[in-house]
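Q: With the input below, show me the fold.
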Amino acid sequence: MKPPVVIRRLAAAFTLIELTLAMSIGLMTASMTLVLFNQQIAFLKIYGAQNFLISEAPIINAYLQRMVGQAERFALYADKTNALAGTNPVAANAPVLLLQFQQPDGTVRSTILSFETVNGAPRLNYYLVPVSGALSAPQWSVTTKPTNVVFAVEQGILRIRLTGPAGELITFSGDMQQSNIPLSAPAAPAAATRADTCPMCWCSRWAWLSPS
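A: Residues are numbered from 1 along each chain as shown. A predicted model of the protein is given here:
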């Protein structure tokens with residue numbers, strides 16, 4: 001009797017050419033994925049750098065247009081203490097802007113825009129100056145994105161310069177003309193009247209009158 005015949009099947013396997021082709025396709029796919037990933041990272045960096053100009057700057061512009069455009073008087077100071085006392089006004093590189101508004105009853109209320117560092121974070125804060133008593137905490141922060149904000153008066157025109165987080169420099173200019181009348185304390189403003197408003201931008205033109 002003949003022994004049974006055992007048929008052995010060879011296990012299926014890839015040839016060297018197939019393995020080389022598969023590895024090449026895998027490397028090409030990984031390289032393309034890495035290139036797309038790097039492009040996405042670069043795009044996010046560009047978007048992040050321009051986000052201040054695209055998103056934050058228009059909001060700041062709208063706020064300054066509303067606040068500065070309605071003010072009857074302004075003055076620049078090196079700190080809030082001098083702004084409250086109405087002493088030592090400056091004309092350039094000022095972190096504090098004092099604005100005064102005429103009320104319907106004839107009284108004047110003052111507000112302060114102050115660029116300062118709070119808990120290690122720079123921010124442009126808005127303060128409402130109380131009729132009496134010490135200045136309280138800010139009512140709100142206009143923005144926390146700029147690394148620097150300075151106010152200046154150049155040829156009688158108010159300029160507000162903001163430095164963005166990526167070093168962007170934005171200058172808001174309002175044709176708000178400052179008089180030569182000595183600045184007084186916030187509660188005793190000089191008389192001023194608004195002449196006209198520029199229709200092409202947020203700035204306002206002002207004509208200043210001497211106190212009667």
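
Q: can you give me the strands for the chain?
A: Along the chain, counting by DSSP state E, strands occupy 73-77, 96-102, 108-118, 121-128, 140-143, 148-154, 157-163, 169-177, 192-197, 204-208.

Q: highest average neighbour count across those strands?
A: strand 73-77 (a mean of 24; mean count of other CB atoms under 10 Å). The way it works is simple: take the backbone N, C-alpha and C, and place the C-beta from them, glycine included.

Q: Next, the angle strand 108-118 makes with that strand.
A: Strand 73-77 runs at 30 degrees relative to strand 108-118, counting by axes from the mean of the first three to the mean of the last three CA atoms, to 10 degrees.

Q: how far is stretch 106-125 from where the chain is centred?
A: 14 Å (CA atoms, centre = their mean, to the nearest Å).

Q: Then stretch 83-98?
A: 21 Å.

Q: could you give the mean pLDDT of it?
A: For stretch 83-98, mean pLDDT rounds to 89.

Q: Give me the residues contacting it.
A: For stretch 83-98, contacts defined as CB atoms under 8 Å, 6 or more residues apart in numbering pick out 74-80, 82, 110-116, 129, 135, 149-154, 160, 183-186, 188.

Q: Format the strands of the chain as a markdown table; extra columns: distance to residue 26.
A: Shown next, in a markdown table, are those (distance: least, CB to CB, whole Å):
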| stretch | distance to residue 26 |
| --- | --- |
| strand 73-77 | 65 |
| strand 96-102 | 61 |
| strand 108-118 | 52 |
| strand 121-128 | 47 |
| strand 140-143 | 49 |
| strand 148-154 | 50 |
| strand 157-163 | 48 |
| strand 169-177 | 48 |
| strand 192-197 | 66 |
| strand 204-208 | 65 |
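
Q: And those strands: which comes nearest residue 60?
A: Residue 60 sits nearest to strand 140-143 of all the strands of the chain, at 5.4 Å, using CB to CB.

Q: What is the closest one packed up against?
A: helix 57-70, strand 121-128 (3 or more CB pairs under 8 Å, 6 or more residues apart in numbering; DSSP states H and E).

Q: Show the average pLDDT along the last one.
A: What it means is strand 121-128. Mean predicted lDDT for strand 121-128 stands at 91.

Q: Now do the same for residue 12: its pLDDT.
A: pLDDT, read off for residue 12, is 62.

Q: Taking helix 57-70 as reference, get the angle to the top helix by length along the chain.
A: Taking DSSP state H as the criterion, the chain has its longest helix at helix 16-51. Computed by the same axes, to 10 degrees, the angle separating helix 16-51 from helix 57-70 equals 0 degrees.

Q: quick one: the spatially closest residue to residue 52 that is not a sequence neighbour and residue 157, what's the gap?
A: Spatially, and ignoring its direct neighbours in sequence, residue 52 is nearest to residue 164 (4.1 Å; CB to CB, 6 or more residues apart in numbering). Distance, residue 164 to residue 157, by CB to CB, to the nearest Å: 22 Å.
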